[in-house]
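A.B. asks: One predicted model, sequence on top.
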2 protein chains.
Amino acid sequence: MKIRIVDLLKSDIYGIDVYVRGWVRTHRQSKNISFIALNDGSTVHNLQIVIEHVKFEKKMLKTITTGSSIGIKGKFIRSAGGKQQVEVIAGDIEVYGIADPQEYPLQKKEHSLEYLREIAHLRLRTNTFGAIFRMRHNMAFAIHRYFNERGFFYFNTPIITTSDSEGAGELFEIKTELKDDFFGSPANLTVSGQLEGELGALALGAIYTFSPTFRAENSNTFRHLSEFWMIEPEVAFNDINDNMDLAEDFLKYLIRYALENCESDLAFLNDNVDNGLMDKLHFVANNEFMRLPYSKAIEILQESGHQFDYPVKPGIDLCAEHERHLVEEYFRRPVIVTDYPKEIKAFYMKQNEDGKTVRAMDVLFPKIGEIIGGSEREADYTKLLQRMKELNMNTEKLWWYLESRKFGTVPHSGFGLGFERLMLFITGMTNIRDVISFPRTPRNANF
Amino acid sequence: MKIRIVDLLKSDIYGIDVYVRGWVRTHRQSKNISFIALNDGSTVHNLQIVIEHVKFEKKMLKTITTGSSIGIKGKFIRSAGGKQQVEVIAGDIEVYGIADPQEYPLQKKEHSLEYLREIAHLRLRTNTFGAIFRMRHNMAFAIHRYFNERGFFYFNTPIITTSDSEGAGELFEIKTELKDDFFGSPANLTVSGQLEGELGALALGAIYTFSPTFRAENSNTFRHLSEFWMIEPEVAFNDINDNMDLAEDFLKYLIRYALENCESDLAFLNDNVDNGLMDKLHFVANNEFMRLPYSKAIEILQESGHQFDYPVKPGIDLCAEHERHLVEEYFRRPVIVTDYPKEIKAFYMKQNEDGKTVRAMDVLFPKIGEIIGGSEREADYTKLLQRMKELNMNTEKLWWYLESRKFGTVPHSGFGLGFERLMLFITGMTNIRDVISFPRTPRNANF
């Protein structure tokens, strides 16, 4: 019976014949017998294979080194001793591919994360990156399940666009060999699917995107990528409070999903990457998020007595150090800051009656800082047009966006969750390049 | 109680107070009473709202025209007469947004699909496009559920790449305002996540991508987009037969999922778009796919006596007309053609022992032609390198891909499913621009 190691390790039907295939993590030899730790990528745990030397050719056994790929037919039994509970006594061995110990980079010794980034095609075969990318799958699936269960429709907004003008960042332009305006006008890679997502919500009621987005900024930090994935729900008839409820419920659902579905990977990461990981996850899952307006947040920061690198005064955009102070020092729980000054937020946010602030909301997490940014949207055609003109935006290009406020406009709200920011939080990793398979950053688009 | 119309229409608890919000499809007035067909995007069915004129201001009622957005608090009751089973007697009405009948493009009359493409920001509010995009969500969710249940990991391969060299099509290049090689070498938009996906499978066992892909070809057909979504599973230790089994099982699962979960949208599309739709779906779900080698397919086509626009002879790539003849005329069921001549297939496909053919497989569907293309991959380092040299490929750029065959190589297979091709099949639509929200084609990247 062909079986994945994750399933076999859960089984308690001993004595049956099994067929497992995977990559050799270690091969320990003693006089008449040797032990292979076999991994097939389905779990962080290895399966122990017992090889009685007398049964096999010596020459073949010699090729079974770390990194080689083999198939084993054998008997699944309870293990007599050692750390592991179960093992397979090899009856038949097939070697698919060798891995020359002189050349294979992933030997037993520990490698730095920096070095592993240079061999991103192989780092997926390590325990750490196996755990990260299994969890990445589980978080993606949890996201789809969450929205599907709640009647949201997955909505694919375009990647190539001629009308990204929200000013969220520098743009990558699209060219072809033959001509520069393949699309009839200059085109670039999207910085957000929100504007098109709103059109979806204003027809289907509630939508979400889950899509790559791009920034051409020349910034080399632990938190920035040139290409990253974003989840952007948008809901007709939701106001800013519904939006906050959704964001909090969504994040807690994802964390609980991880706790329930990624036990062994989380345990590995907690032991090897961040000893406080499990505590942090439970903490966020079990505590109400603190909600407060920007003006109150500024007050708290000013009165904190803390020396910030960027001094705090009303009107400033909050930096990571300010956000983390609120979350980690002052409130000691996730925080949602609302009602920011309109000058530091995007044109499409609903204007408050004070004429100064907008119904923005940023969700701030420990270590990460901003993990979600969102708002109630300006639903009033006249106010939206006015604001776009104040900002000297090209209103003609966004005729379709404006029309969404002209025909059957409704209050609506949404937010964006950076998937890799979530993955940093949920894995305990600290560099965003380590939670995406093949990171794109300035001067690096290898693999 | 706030409730979505899809949920309310399933309810049989009459007499309760409900709160529904949505867009007016029609407003029929009679002397003392009027009837609104309200749609909130959650279903193709409208909810009937009954308004007794005496209860409300005349001026307000006049603003409730097609396309306007309203909220209704009222009593949910069994309908006394008419087509509908249930209705809501309005107790309280809020008008969120009007839609001037002189300006709102979606009046009662039927619009052509061509015209609706020009107002893609509003076409989502029609019955047809509502049905299509709810089904698109359901198919996307079914894809994730299928793979999640079977132990595949969702794997995000990069969009921006410096090493797309499989020759699958013309490339879009990436530039920035400041400099042309932001990434240190020329970069373009990916045409396929497969090569990186293989790295995932050779570590995690089984992965799938679900991601946008790009073609810069200047082709304006019913079947081509410049930007489209692709699903690409890749499985370590799968051979070509496992790959065919997976493709067939996967497609049948998706069709059955649609039949079970999209009843009302499918019924609408069957009635209004393609009267043979349901039959076609049942037919594919219930029949075994015919499997045959390319050489046999050529023989059948040559002996068919049919006059093709492109004459059939050994060595040609099959065109849609050939594929459709095999599926619709000869076998009358989906067909999987395997073992194509190596000259017309990609470098990475496993070479057969005859030295002439490769272990390719194309799945052919009625109307659509090729819906899936895949292969067992060449796992032998020497053969792969040799083939790349024959094709004058840059082997240095793909060093990481070659290394996957050097260290623990294993047999593995995968395929690509064009998501919009699937959507054409499952909705009965005929133009691929109508199954993606904002299509990108030569000279068009609006919205």
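C.D. replies: Received the coordinates, thanks.
A.B. asks: Which strands and helices lie in contact with the helix or strand of chain A with the lowest mean pLDDT?
C.D. replies: The weakest-scoring helix or strand in chain A, judged by mean pLDDT, DSSP states H and E, is strand A:173-175 (a mean of 85). On a contact count with 3 or more CB pairs under 8 Å, 6 or more residues apart in numbering or on different chains; DSSP states H and E, strand A:173-175 meets strand A:188-189, strand B:173-175. Bear in mind the C-beta positions are built from the backbone N, C-alpha and C, glycine included.
A.B. asks: if we compare these, which one ends up closest to A:I119?
C.D. replies: Closest of those to A:I119 is strand B:173-175, at 24.4 Å (criterion: CB to CB).
A.B. asks: Name the residue of the stretch 251-400 of chain A with the shortest distance to chain B.
C.D. replies: Nearest to chain B in the stretch 251-400 of chain A, going by CB to the nearest CB, is A:W400, at a distance of 4.0 Å.
A.B. asks: number of nearby residues for that residue?
C.D. replies: When neighbours are counted by other CB atoms under 10 Å in any protein chain shown, A:W400 registers 18.
A.B. asks: Quick check: it vs B:E227, distance?
C.D. replies: Separation of A:W400 from B:E227 (CB to CB, to the nearest Å) stands at 18 Å.
A.B. asks: next one: A:I255
C.D. replies: 33 Å.
A.B. asks: OK, contacts around the nearest residue to A:R324 once chain neighbours are set aside?
C.D. replies: Distances taken as CB to CB, 6 or more residues apart in numbering or on different chains put A:G369 closest to A:R324, at 5.9 Å, once the chain neighbours are dropped. Taking CB atoms under 8 Å, 6 or more residues apart in numbering or on different chains, we find A:G369 in contact with A:223, A:320, A:323-324, A:327.
A.B. asks: could you redo the last one with a cut-off of 6 Å?
C.D. replies: By CB atoms under 6 Å, 6 or more residues apart in numbering or on different chains, the residues touching A:G369 are A:320, A:323-324.
A.B. asks: With respect to pLDDT, which of those ranks lowest?
C.D. replies: Within the contacts of A:G369, pLDDT reaches its minimum at A:A320, with 91.
A.B. asks: Skip the chain neighbours and tell me the closest residue to it.
C.D. replies: Once flanking residues are discounted, A:A320 sits nearest to A:G369: 4.1 Å by CB to CB, 6+ apart.
A.B. asks: Let me see the confidence value for the one you found.
C.D. replies: 91.
A.B. asks: partner residues bridging it?
C.D. replies: A:G369 has these beta-bridge partners by DSSP bridges: A:F365.
A.B. asks: returning to what we had before: contacts for the least confident helix or strand of chain A?
C.D. replies: Outside strand A:173-175, the residues that touch it by CB under 6 Å, 6+ apart are A:160, A:187-188, B:172-173, B:175.
A.B. asks: Of those residues, just the buried ones, ChimeraX syntax please.
C.D. replies: Typed into ChimeraX, the line below selects the buried ones among the contacts of strand A:173-175, using 16 or more other CB atoms under 10 Å in any protein chain shown:
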select /A:160,187,188 /B:172,173,175
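A.B. asks: now, among the contacts of strand A:173-175, which is nearest to A:E390?
C.D. replies: Using CB to CB, A:N188 comes nearest to A:E390 of the contacts of strand A:173-175, at 23.8 Å.
A.B. asks: Isn't that closest one up against A:L171?
C.D. replies: Yes - using CB atoms under 6 Å, A:N188 is in contact with A:L171, at 4.0 Å.
A.B. asks: which bits of the stretch 201-350 of chain A sit near chain B?
C.D. replies: Applying CB under 6 Å from any CB of the partner chain, we find that the stretch 201-350 of chain A lies next to chain B at A:203-205, A:212, A:216, A:227, A:237.
A.B. asks: hmm, try it at 8 Å
C.D. replies: Proximity of the stretch 201-350 of chain A to chain B, by CB under 8 Å from any CB of the partner chain, involves residues A:202-206, A:211-212, A:214, A:216, A:218, A:226-227, A:229, A:236-237.
A.B. asks: Now which of these would you call buried?
C.D. replies: The neighbour count (16+ other CB under 10 Å) marks A:202-206, A:211-212, A:214, A:216, A:226-227, A:229, A:236-237 as buried among these.
A.B. asks: Which residue ranges of the stretch 251-400 of chain A form strands?
C.D. replies: A:290-293, A:335-341, A:357-365, A:369-376 (DSSP state E, counting those that start in this stretch).
A.B. asks: Summarise which helices and strands whichever strand or helix holds A:M230 is packed against.
C.D. replies: Using DSSP states H and E, A:M230 maps to strand A:227-236. When contacts are defined as 3+ CB pairs under 8 Å, 6+ apart, strand A:227-236 packs onto helix A:194-204, strand A:206-214, helix A:240-261, strand A:412-418, helix A:419-427.
A.B. asks: Please repeat the previous calculation with a cut-off of 7 Å.
C.D. replies: When contacts are defined as 3 or more CB pairs under 7 Å, 6 or more residues apart in numbering or on different chains; DSSP states H and E, strand A:227-236 packs onto helix A:194-204, strand A:206-214, strand A:412-418, helix A:419-427.
A.B. asks: could you give the angle of the shortest one to strand A:357-365?
C.D. replies: Right, the one you point to is strand A:412-418. 30 degrees (axes from the mean of the first three to the mean of the last three CA atoms, to 10 degrees).
A.B. asks: by contact count, what packs against strand A:412-418?
C.D. replies: helix A:194-204, strand A:227-236, helix A:240-261, strand A:369-376.
A.B. asks: which one of those is the most hemmed in?
C.D. replies: With neighbours defined as mean count of other CB atoms under 10 Å in any protein chain shown, the helices and strands packed on strand A:412-418 peak in mean count at helix A:194-204, which reaches a mean of 26.
A.B. asks: what mean pLDDT does that one have?
C.D. replies: Averaged over helix A:194-204, pLDDT sits at 98.
A.B. asks: residues in contact with it?
C.D. replies: A:153, A:155, A:157-158, A:207, A:209, A:232, A:234-236, A:377, A:401, A:404, A:410, A:412, A:414, A:416, B:41, B:121, B:124-125, B:130, B:133-134, B:437-438, B:447 (CB atoms under 7 Å, 6 or more residues apart in numbering or on different chains).
A.B. asks: got the domain boundaries for chain A?
C.D. replies: Taking the TED database as the reference, chain A has its domains at A:5-97, A:121-434.
A.B. asks: now, of those domains, which is deepest in the fold?
C.D. replies: The stretch of the domains of chain A with the highest mean neighbour count (mean count of other CB under 10 Å) is domain A:121-434, at a mean of 19.
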